[in-house]
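# Coordinates for the following, if possible.
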Amino acid sequence: QVQLVESGGGLVQPGGSLRLSCAASGSIFSIYTMGWYRQAPGKQRELVAGITNDGSANYADSVKGRFTISRDNAKNTVYLQMNSLKPEDTAIYYCNADGVMTTAWEMRDYWGQGTQVTVSS
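Below is the predicted model of the structure:
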């Protein structure tokens, strides 16, 4: 069993910063990609940023230059540093682990429960 636990969401004023964390735990052998998605009310879930186990990262155009994703492979943890936040960044942010190989030699994807980020004055 693998679990993803997110933390770091909250309320912030426009222009402010937040740092999200997501720790994967359980019977994990390796994780290929870890990333963050978000879903705003009435909208589809979208990719925010992802990072592979060798450090290759990609970002949605809307967050490039403002958000930075990083990863600690030893801790199976991924971070999302969000700067210059805008009201349109308001959403539930979900952590995703893609290509998780368990110690039982099973591979699948996992999702966290989501953490609310609200950008408002």
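
# Would you confirm that residue 27 contacts residue 104?
Yes. With contact defined as C-beta atoms under 8 Å, residue 27 reaches residue 104; the gap is 6.4 Å. In this view, the C-beta of every residue, glycine as well, is placed from N, C-alpha and C.

# Looking at the two, which is more packed in?
residue 27 (12 against 9; other C-beta atoms under 10 Å).

# What residues does the more buried one make contact with?
By C-beta atoms under 8 Å, 6 or more residues apart in numbering, the contact set of residue 27 is 1-2, 102-104.

# mind listing what the spatially most central residue of the chain touches?
By C-alpha atoms, centre = their mean, the chain has its centre lying nearest to residue 36, at 2.7 Å. By C-beta under 8 Å, 6+ apart, residue 36 lies in contact with 20, 22, 47-50, 69, 78, 80, 93-96.

# Which of these are buried? Put it as a ChimeraX command.
Of these, the buried ones can be selected in ChimeraX as follows, counting by 16 or more other C-beta atoms under 10 Å:
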select :20,22,48,49,50,69,78,80,93,94,95,96
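
# Including pLDDT, distance to residue 108 and secondary structure, could the contacts of residue 36 go into a markdown table?
Below are the contacts of residue 36 laid out as a markdown table (pLDDT from 0 to 100; distance: C-beta to C-beta, whole Å; DSSP: H, G, I helix; E, B strand; the rest coil):
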| residue | pLDDT | distance to residue 108 | secondary structure |
| --- | --- | --- | --- |
| 20 | 98 | 23 | strand |
| 22 | 98 | 17 | strand |
| 47 | 98 | 18 | strand |
| 48 | 98 | 21 | strand |
| 49 | 98 | 21 | strand |
| 50 | 98 | 17 | strand |
| 69 | 98 | 22 | strand |
| 78 | 98 | 17 | strand |
| 80 | 98 | 22 | strand |
| 93 | 98 | 21 | strand |
| 94 | 98 | 16 | strand |
| 95 | 98 | 15 | strand |
| 96 | 97 | 12 | strand |
